[in-house]
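Chemist: Predicted model follows, preceded by the sequence.
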Amino acid sequence: MSRPLLPRGHRERLWSPMADLLSEEGYRTLRPGTSKFALLPEQVQEWPDFAKEIKALLAPYCGKAASSNTLHPVGEVADLLKLGVCFGDAQSGVNRLLLEVKKQEKREVKADLKRKIGDQQAGGKLVPDVVIADTKTHPIRGVGEVRTLWKFEPGKKQSWEQFIAEKLGQPARYMDDHCVRYGFLTIYDRTWFVKRVNDNEFAISPPIHSKARSSATEVSKRECFLAFALRASDAAGSKYSRRSGLILTRRGRRQRALPETGRKAIQRGL
């Protein structure tokens, strides 16, 4: 079945780099949020051929690149393509588990979710910063975590592999809680896209820079978010049914034996 080629103007917006983020001294968040959830470096691997996958996924809609904000233009394209998903805050989505059980079982499931998810953080409910959800019944199909770029750096004696694994703990926690396969972590000028590989491991893309421009081999940030929306539009493909629970991201837990096949150290990419 042939796919609708996007109008030239929409394609150029997807291919273009992002605007600068204003972050002058004196106008910054002084105490960026922290999380008690973390992954181990052994749970994180490279996402091989990430850019190639994005190009293949978007080719039917965008063709080849000839040479504002991120989610708003992508949302317009998602509407144009009738993907049936939209970006929004956590309140715009519903946990899949609550939608997939029988009516008489919802009370029990809701209580279990509150115990396992809502009470994981003292003083409030644990919710993603950004979700992508079905526009009709609102199950969450993907999640995102937003951090400030000016405090995003490893601590003393901490390697980049340890640091990024630690920071991926929060989106991994969201992905596990909401039974989704895809997520992202962004500090605006760099964004990492995450795919759940198995119950215990996650693949991470190279850092996608806000100034990245689409080319034959490179992808722009907006292209990546459109691919994220396309994956979310696949209800079955975007789902990861098995939940690991708190042991997945709990700090200080014992290091478990992990499979070595196909594991690669992720690169810093600064």
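Modeler: Sure thing, it's come through. Numbers count the residues shown, from 1 in each chain.
Chemist: ok, which stretches of the stretch 151-270 of the chain are helices?
Modeler: 160-167, 169-177, 221-232 (DSSP state H, counting those that start in this stretch).
Chemist: any idea how far the last one is from the chain center?
Modeler: Here helix 221-232 is found 10 Å from its chain centre; the criterion is C-alpha atoms, centre = their mean, to the nearest Å.
Chemist: Strands along the stretch 1-150 of the chain, start to end?
Modeler: All strands of the stretch 1-150 of the chain, identified by DSSP state E, counting those that start in this stretch, fall at 44-46, 85-88, 130-134, 140-146.
Chemist: Kindly reformat those strands as a markdown table containing mean pLDDT, distance to Ser238 and mean neighbour count.
Modeler: Quick note: C-beta positions are derived from backbone N, CA and C, even for glycine. Output for these, formatted as a markdown table (pLDDT from 0 to 100; distance: least, C-beta to C-beta, whole Å; neighbours: other C-beta atoms under 10 Å):
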| stretch | mean pLDDT | distance to Ser238 | mean neighbour count |
| --- | --- | --- | --- |
| strand 44-46 | 95 | 20 | 20 |
| strand 85-88 | 87 | 9 | 22 |
| strand 130-134 | 92 | 9 | 25 |
| strand 140-146 | 94 | 4 | 25 |
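Chemist: Let's have those in CSV, adding distance to His178.
Modeler: Formatted as CSV, those follow (distance: least, C-beta to C-beta, whole Å):
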stretch, distance to His178
strand 44-46, 20
strand 85-88, 14
strand 130-134, 8
strand 140-146, 5
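Chemist: Looking at those strands, which is nearest to Ser215?
Modeler: strand 44-46 (20.8 Å; C-beta to C-beta).
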